[in-house]
Every structure is written in C-alpha cells, then in structure tokens.
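Engineer: sequence plus the predicted model coming up.
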Amino acid sequence: MATPTYLVGLDIASEQFVAAIGACPWQLLVSGTEFSNDPDGFQQCQQWLQQHHCTPQQTVVCMEATGVYGEALAVWLVIQGYRVAVEPPLKVKRAFAPAGPKTDAVDSQQIAEYACRFLDELVFWQPASDLLEQLQVLLSNRAQLVQQSVAQQNALQALQRKRVRTPFAEQVHQRVLLELKSHLRALERELHRLLEHEPPFAQLVAVLMSVPGVGLLFATHLLLLTQTSPEPVSLTHLAAHLGICPYERRSGKRVYARPTSRHYGPSQPRKLLHLAARSVVTHNARFRAYYQRKLAEGKPKRLVLNNVANKLLRICLAVLASGQPYDPKYVSTRPRCSNGCA
C-alpha cells in the first residue's frame, strides 16, 4: 500500500463526531473539529476535508469500533472512495500512555496518530451486503428471544414449586412463553425466506448443512463469520476467535497453567458448534469411534469434545472452499499423519 499523505482520526459519539488531520511521518496538521453525526454533518465533513486537500486517493481515515454510532459514517466514507480502518478501541488505548487530558479532540488526534504508527497493520473496512446485515440482526434478535424464553421458563418453574400457588402469575408466564415461541418460529421462517431469495448464499448454507451435526443456525453464523471478514479466514484464526483453540501459558520456572482457550468471543456460534460436536459423537459412527477411543486413552471428556469441534470446523471450512457437499467417504491425499488418525 502506498503511504498516504494525510491521516484522519475520527472519535465517534451518538450525536456528533470529532475529526483531526495528521501527516505521515506523524505531524498534527488540524486539531479536532466537531461535526454532527448525521447526513448534514457528513457533508460538512467532506467540505472540511476538501478544504485541507484530503482527497480519497491521499487519505486514510481511522475510527474506533463503536457499533451503530459509526456505521453510517463508515459506509458514507467508503462510498466517497476513502480508505477506512475500523480498529478495536482497546488496541488504540493501549498504544498510548495513560496520561494527560481525555477529550474528544484529544482522542481524535490519538486515533490519527495511531493510524500513522500502525499503518502497515491496518485492515480497511468494507460494508457487508444487505443480506448479511439482515441475517446478523435476525440471529441477534433470536438470541435475545431465547434468553428471554429461558428466563420466563425458569420463573414459571419457580412459581410452580412454591407452597402457595398463584395461577394468574403462572398464566402470565405461560402466555409470554407461547408468544416468544411464536416469534422464534417466525424468525426462522424469515431466515429461510431471505436465503431463498439469494441463491449463492443459500447454496453455501446448503453445503454447510451437509456436514454432520450442522444445522441452519450454525451454518448461518459461520457464513457471517467467513463472509464479513476483511481477510481470508483460516482454521487457526477462526478457532481462536470462537474460543475453541487452547493456548499454553508458561513463563520461567514458576508460571505455568494448563493450555486453555480464551474466555471471550462470540458465544452463540461457539455454543452451536459445541452442540454439533455432542450430536456427532452420539449419532455419527466415525466421530463416535474417535470419541470413545480418546476417552479410553484417558483424555478428559471436554478436551475430546473440543477436538471434535475443531474437526467439524475444519470440515466446514473445507466444504466452503470447495463449494461441494460433505462426502463421508472422502479420503485426503495429504493425511495429517501416517497412521490414519483424523
């Protein structure tokens, strides 16, 4: 990538954003200037950038990931031709010493300086397609409804176990549960409808669902994880992102911990992948044989299930790359080991 002439840092809030301009090698050219976070503010920002000769060809814009607050602005900048980097706030914060004032203007200047210092590491953001955005919203909505349904079910069971029953309160919970189940069914129908109107994505989901244990929900989650990534997705990176890749922790002679996965990441696809692993070790002969063999060797049950989850993820990425459904009789021409292990 050619070194840009100008670096613009944006500090985003719900109602306004602050922009600062710097040059590479780092030099602050224009201090933080505030604009409203709406289409009128976007136009004013464009005029301001033009006044300071920040053309799309010579400029890189950097902002922190702020969810829906910065989404419209990021899309608008990409449409105008600017290269936009959306960076994790914690990564930007750790790049500077925790000293001095903290204002929106200072933050915008630091984001611009961060873009200059880490220019070779920036990954430029591109908006996802409308279908992927809608699928993401539906899956998030479904997760919220499932959480509410579990809470209602637990509350109902608690009421039913009380010494003094309250029929009216129990009926309220039962009606809410019925309504939540109706909404969940409607959401799944809408997922099917959206996919049917986009044959390329529907084909990818069908290919993923050919893998043992993989259903519509996990296939859709995996489609979002692979199609919205700005870089090609590898098995190692995706497993680490999902939190199923154990890492060793060792330092010197006294600091040691058993290899463990990180304790954060997207919970819904991780839970669905775990359920898929439990399903195949019960109902699929090949995975069941592997599972029982490892248990007989003394391996912990959770470790073996995690291994099965990684195997399923590898298969899913392979069928996505090939575009062909899962073949249970497939034999790799390059096995991972010579003794026939999976």
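Structural biologist: Received the coordinates, thanks.

Engineer: residue ranges of each domain in this protein, please.
Structural biologist: Following automatic domain parsing, one gets these domains for the chain: 6-121, 129-197, 199-342.

Engineer: mean neighbour count, those domains: which tops it?
Structural biologist: domain 6-121 (a mean of 17; mean count of other C-beta atoms under 10 Å). C-beta: built from backbone N, CA, C; applies to glycine.

Engineer: what mean pLDDT does it have?
Structural biologist: The predicted model assigns domain 6-121 a mean pLDDT of 94.

Engineer: one more: stretch 301-319?
Structural biologist: Averaging the model's pLDDT scores along stretch 301-319 yields 94.

Engineer: that stretch: how far from the chain's middle?
Structural biologist: For stretch 301-319, the gap between its own C-alpha mean and the chain's C-alpha mean amounts to 19 Å (C-alpha atoms, centre = their mean, to the nearest Å).

Engineer: what about the strands in the stretch 151-300 of the chain?
Structural biologist: When secondary structure is read from DSSP state E, counting those that start in this stretch, the stretch 151-300 of the chain shows strands at 247-251, 255-260.

Engineer: touching, residue 286 and residue 328? I think so.
Structural biologist: Yes. Using C-beta atoms under 8 Å, residue 286 is in contact with residue 328, at 7.2 Å.

Engineer: pull the distance from the helix or strand where residue 61 lies to the chain's centre.
Structural biologist: Using DSSP states H and E, residue 61 maps to strand 59-64. With C-alpha atoms, centre = their mean as the basis, the distance from the averaged C-alpha position of strand 59-64 to the chain average is 21 Å.

Engineer: which strands or helices does it pack on?
Structural biologist: Strand 59-64 makes packing contacts with strand 6-12, helix 68-79, strand 83-87, helix 104-117 when contacts are defined by 3 or more C-beta pairs under 8 Å, 6 or more residues apart in numbering; DSSP states H and E.

Engineer: kindly export the first one (C-alpha atoms) in CSV.
Structural biologist: Presented in CSV, the C-alpha positions along strand 6-12 are these (Å, rounded to 0.1, in the frame of the first residue of the first chain):
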residue,chain,number,x,y,z
TYR,A,6,-3.0,12.5,5.3
LEU,A,7,-4.4,10.5,8.2
VAL,A,8,-7.7,11.4,9.6
GLY,A,9,-8.8,10.3,13.1
LEU,A,10,-12.5,10.2,14.0
ASP,A,11,-13.8,10.0,17.5
ILE,A,12,-17.5,8.9,17.2
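
Engineer: ok now the helix or strand just after that strand, how far from the chain's centre?
Structural biologist: Scanning the chain past strand 6-12 towards its C-terminal end, the next helix or strand to appear is strand 16-23 (assignment: DSSP H and E). Put simply, strand 16-23 sits 27 Å off its chain's centre (C-alpha atoms, centre = their mean).

Engineer: give me the contacts around strand 16-23.
Structural biologist: With C-beta atoms under 8 Å, 6 or more residues apart in numbering as the contact definition, strand 16-23 has outside contacts at 5-11, 28-37, 41, 45, 48-49, 52, 54, 70, 73, 104-105, 107-109, 111-113, 115-116.

Engineer: ok, now stretch 262-279?
Structural biologist: 139, 143, 212-215, 217-218, 221-222, 225, 240-244, 247, 305-306, 308-309, 312-313.

Engineer: now, these that are in helices?
Structural biologist: For those, membership in helices holds for 139, 143, 217-218, 221-222, 225, 240-242, 305-306, 308-309, 312-313, with DSSP state H as the criterion.

Engineer: for the stretch 101-250 of the chain, which spans come out with low pLDDT?
Structural biologist: Along the stretch 101-250 of the chain, the parts satisfying pLDDT under 70 run over 230.

Engineer: lovely, talk soon.
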